[in-house]
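J.: Provided below are the primary sequence and the corresponding predicted coordinates.
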Amino acid sequence: MAATQVVRSEWTKIRSVASTVWTLSLAAVVTIALGMLISALSKAEFDNLSTRDRLSFDPTFISFAGMSLGQLAMIVFGVLVVSNEYSTGMIRVSLAAVPQRGTFLFGKIAVATALALAVGMATSFAAFFLGQAMLGEHKASIGDDGVLRAVIGGGLYMTLIAMFSMGVAAMLRSPMLSLGILMPFFFLISSILGNVDATKKVGQFLPDQAGSKIMQVVTPIGDDTPYGPWGGLGIMALWVVAALIGGYVLLKRRDAQ
């Protein structure tokens, strides 16, 4: 089957599964709503901030506060896109129709990535503008130094989270196992490693912590991170590439089951 036919087939599959559509919608709603709430609370508390906290105040980054929960839905989306066929047994039919496993996986990831990118970018811009509206006189402008980079970076961050999840799901095949590893990794292990002094230098090289650097405009006082915004996104991209290569290698070697 030609690559264009594979892409068209994968688009039909993703569009016809309600859970994938709902998870993308949820990612957008949660990110925007929570970002607006945190922005409104930050405005109310601004006068109570210390001088040090005011110098580190980053209105752009605050509007992306909801992304910590929004990425949860992106993880679920990435896992479901790849592992749904394993859980239903449809993978045998798909691989019989597309024996070239690299083409099959590329088509699936290409379609899902394009969807995640479209939703991620729309969500990031919406979260920024609505969050700044909540911040009132403390808001940033899209034309300020570093702001447009941060907003575009927010969309790229959400996309890379979904892609990383696709790679992990391709390796593990099981949706429950994939989510059982990814959820604690991003919401527990990463936070612990990033906030404990003894492991902080390790934690800052994990995909979510490195990637989120792209959304910062104001560098917090005392921040000694050894890379900048694009460097952090590059580290995250390396994690994604490693996960996708792992998924491809295992898909080539294993039977369809």
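T.: That came through fine. Numbers count the residues shown, from 1 in each chain.
J.: tally of neighbours for the closest residue to Leu244 other than its chain neighbours?
T.: In this structure, Leu244 finds its nearest non-sequential neighbour in Gly167, 4.1 Å apart by Cβ to Cβ, 6 or more residues apart in numbering. (C-beta placed from N, C-alpha, C; glycine too.) Using other Cβ atoms under 10 Å, Gly167 has 24 neighbouring residues.
J.: helix, strand, or coil at Gly167?
T.: helix (DSSP: H, G, I helix; E, B strand; the rest coil).
J.: report the contact partners of it.
T.: Taking Cβ atoms under 8 Å, 6 or more residues apart in numbering, we find Gly167 in contact with 240, 242-247.
J.: what count of nearby residues applies to the nearest residue to Gly155 once chain neighbours are set aside?
T.: Nearest residue to Gly155, sequence neighbours excluded (Cβ to Cβ, 6+ apart): Met121, at 3.5 Å. Using other Cβ under 10 Å, Met121 is surrounded by 17 other residues.
J.: quick one: end-to-end distance for stretch 84-102.
T.: Stretch 84-102 has an end-to-end distance of 18 Å (criterion: Cα to Cα, to the nearest Å).
J.: stretch 181-193 now?
T.: 16 Å.
J.: quick one: buried residues of it?
T.: 181-182, 185-186, 190, 193 (16 or more other Cβ atoms under 10 Å).
J.: could I get the full set of helices for the stretch 151-257 of the chain?
T.: For the stretch 151-257 of the chain, applying DSSP state H, counting those that start in this stretch gives helices covering 175-184, 190-195, 200-203, 207-211, 229-253.
J.: still on that earlier bit, can you give me the angle the helix or strand containing the residue nearest to Gly155 makes with helix 229-253?
T.: Met121 belongs to helix 101-135 when elements are defined using DSSP states H and E. Calculated by axes from the mean of the first three to the mean of the last three Cα atoms, to 10 degrees, helix 101-135 forms an angle of 150 degrees with helix 229-253.
J.: check the closest residue to Ala170 other than its chain neighbours and give its pLDDT.
T.: Spatial nearest neighbour of Ala170, excluding adjacent residues (Cβ to Cβ, 6+ apart): Gly247 at 2.6 Å. pLDDT recorded at Gly247 is 91.
J.: what do you get for the one 4 residues further on?
T.: Listed pLDDT for Leu251 reads 83.
J.: wait, it touches Ala170, no?
T.: Yes: using Cβ atoms under 8 Å, Leu251 is in contact with Ala170, at 5.9 Å.
J.: give me the common contacts of those two.
T.: Counting by Cβ under 8 Å, 6+ apart, the common neighbours of Leu251 and Ala170 are Leu105.
J.: flag the shaky bits of the stretch 151-257 of the chain, pLDDT-wise.
T.: The model of the stretch 151-257 of the chain has pLDDT under 70 over residues 255-257.
J.: rerun that using 90 as the cut-off
T.: For the stretch 151-257 of the chain, the stretches with pLDDT under 90 are 173-175, 187-202, 219-225, 250-257.
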